[in-house]
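> Have a look at this fold, sequence not included:
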């Protein structure tokens, strides 16, 4: 049986997906019937809140399910489900060791006799914990019992063989029914969520060029931004991957940050959810934007060392920040201009790589700039993440859908036209505060 490749048991990642707007009387098994992306560690159902939290063993599986559920608009009994993120968590050490040795929440039972029924198994094994699904194959005298959590399955496998009535029967772990078949597991991750194939706890900031192609979840939503915050200040706290674009809607107190590499977007999301992201003493809300692809021009620029930063060398005293802002403004929105007189160079940071591409092509044709060296500079957002001493102990982060927005946003659809996300939000009455996990859940595309 396939054992998942696990990161350190102490590493907290976003591996829990929130599923809301579940029709009443819907069994957990009906929800998990739609999950075929990876091994599930545990399932927590809150029928009174019409929601369920699915915690995967691997964060990449959670990201893949999140991406599929939001892009395909997952529905049960005609009701479109709301998808969000739960609190980042780590795998307990004992569960981590068990998983490495083939454990799962599925218990295999063999050498059963004809008297064994599904009802008998449910009554006999519920003492170890809630059961999600039972499959009894009479003709083979075997059964598969899926518990709601791996920890309950571990108890079952450890205890049953010591009991007289089970001593002659086979008891072991089976493959989680939510995991893809071995033939599909590798290809499915690449096709449906490119970042999933290569995401690790500490990915390289260079990225794998093949993971940059195609549609992928690479945009991070930032909300609850202080009204006096500048685009420069937002970029100052983003580290770990170069950006394709940052779109800051200051009047709405939100921003959408699009990474070039979706793997690094996932890593930034995990780090931000765990450690918190603070600007002007205000913790930002973190969520996901819509899945997107890089334009051919941007992809070509990146593959040739491009970024949203334009470098100018051998400049003279006539080149000032004001002049650069004026001359480069025609090519796109500028995030930051920085001149280093002592080194005779300057940097013009745009809010997008596309603008930088236009700027380099256009400015080189101007006579007064032909004497200067012009090329791409380094995007400071691609610098390694800063060391975190400890996470900010601030109330739990808001759960966001892939088209998440700020809870104080009155009408996003009017401001979000075209290729950027459109979204609505649920009012504070629907918060629920389920044990401090859920603050608000947003509905993708209304």
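In hand now; what should we look at? It should be emphasised that the depicted structure is a prediction, and the values quoted were computed from it without experimental measurement. Residues are numbered from 1 along each chain as shown.

> Please work out the average pLDDT along stretch 68-85.
Averaged over stretch 68-85, pLDDT sits at 89.

> Repeat that for stretch 354-373.
Across stretch 354-373, pLDDT averages out at 95.

> Kindly check the end-to-end length of it for me.
Here the two ends of stretch 354-373 are set 20 Å apart, with distance taken as CA to CA, to the nearest Å.

> Stretch 312-325 too?
13 Å.

> For the stretch 301-446 of the chain, which segments count as helices?
Counting by DSSP state H, counting those that start in this stretch, one finds helices in the stretch 301-446 of the chain at the ranges 321-328, 353-363, 412-415.

> quick one: contacts for residue 308?
242-245, 335, 349-353, 355-356, 379 (CB atoms under 8 Å, 6 or more residues apart in numbering). The C-beta positions use only the backbone N, C-alpha and C, and glycine is treated the same way.

> In this structure, what helix or strand scores lowest on average pLDDT?
Here the helix or strand of the chain ranked lowest by mean pLDDT, DSSP states H and E is helix 412-415, holding a mean of 29.

> circling back: for the helices of the stretch 301-446 of the chain, could you give me TSV that also reports mean neighbour count and distance to residue 46?
Converted to TSV, the helices of the stretch 301-446 of the chain look like this (neighbours: other CB atoms under 10 Å; distance: least, CB to CB, whole Å):
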stretch	mean neighbour count	distance to residue 46
helix 321-328	15	52
helix 353-363	20	43
helix 412-415	14	27
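
> Among these, which comes closest to residue 254?
Closest to residue 254 of these is helix 412-415 (CB to CB; 8.5 Å).

> What about residue 231, how many residues nearby?
Per other CB atoms under 10 Å, the neighbour tally for residue 231 reads 18.

> ok, it touching residue 351?
Yes - the criterion here is CB atoms under 8 Å, and residue 231 meets it with residue 351 at 6.4 Å.

> Tell me how far residue 147 lies from residue 352.
The gap separating residue 147 from residue 352 is 48 Å, by CB to CB, to the nearest Å.

> More neighbours: those two, which one.
The neighbour comparison of residue 147 against residue 352 (other CB under 10 Å) goes to residue 147, with 25 against 20.

> thought the more buried one was touching residue 154?
No - in this structure residue 147 lies outside contact range of residue 154 using CB under 8 Å: 9.1 Å.

> The stretch 151-300 of the chain: helices as residue ranges?
Using DSSP H, counting those that start in this stretch, helices in the stretch 151-300 of the chain cover 182-192, 231-236, 262-275, 296-303.

> Which of those sits closest to residue 218?
With CB to CB as the criterion, residue 218 lies closest to helix 262-275 of those, at 4.1 Å.

> Settle this for me: residue 44 is touching residue 31, isn't it.
No - Residue 44 sits out of contact with residue 31 when judged by CB under 8 Å, with a separation of 11.7 Å.

> Check the contact lists of those two and give me the overlap.
Contacts common to residue 44 and residue 31, judged by CB under 8 Å, 6+ apart, are residue 52.
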